[in-house]
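> predicted model, plus sequence, below.
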Amino acid sequence: MNLYFAHNFNNRKEFRILELQLEKELGIDLLNPFYDVPERKEEMKALDSGKVKKWCVSDPTYLVARDLKNLASCDGLLTIVEKPSFGTAIEICNAVLMRKQIFFISKKYIDHPFIKVYVENRFKTIEEFKTFIKTQTQYNKEVE
């Protein structure tokens, strides 16, 4: 299973660590739009080192098209929402339109009306998500 990993830009470093842990533990592939896209490597390195203080995108049209193309190439979307993000909300919306399986993790927004209507797989914690994935027949077949 490969999932596009949508999350808030400001949490990118902590979620990168989580991403790598989930991939190892669950045997899934997560496509992180900040770290797994080759052309963003230098930008992320500069931001994470503190050399650049502000995120800036020279070509937003290209960035959006690339991210949506990456989402389309994945089996589904995994998102963790601790606070609202325009990008994440639009990625969720596009995943719905693409009929992708969506895994939504959020303590605070799990009962938001739009999330309840459009997202079947909602979890309050990462542990709940991990338990769900481990119990899925498809997951168990892929791991064997």
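Perfect, thanks for sending it. Numbering: from 1, shown residues only.

> tell me how many other residues crowd the closest residue to Asn8 other than its chain neighbours.
Nearest residue to Asn8, sequence neighbours excluded (Cβ to Cβ, 6 or more residues apart in numbering): Ser85, at 4.6 Å. Any C-beta I mention is one placed from the backbone N, CA and C, and that applies to glycine too. Counted with other Cβ atoms under 10 Å, residues neighbouring Ser85 total 18.

> try the one 4 residues further on
Counted with other Cβ under 10 Å, the burial measure for Ala89 works out to 14 neighbours.

> contacts for the helix or strand it falls within next, please.
Using DSSP states H and E, Ala89 maps to helix 86-97. Helix 86-97 is contacted from outside by 4, 6-9, 67-68, 71, 76-77, 79, 81, 102, 104, 118-119, using Cβ atoms under 8 Å, 6 or more residues apart in numbering.

> what about the helices in the chain?
Per DSSP state H, the chain carries helices over the ranges 12-26, 41-49, 60-73, 86-97, 113-118, 126-135, 137-143.

> quick one: which of those helices is nearest Phe34?
Nearest of the helices of the chain to Phe34, taken as Cβ to Cβ: helix 12-26 at 4.7 Å.

> now that closest one: buried residues?
Judged by neighbour count using 16 or more other Cβ atoms under 10 Å, the buried positions of helix 12-26 are Arg12, Phe15, Arg16, Leu18, Glu19, Leu22, Glu23, Leu26.
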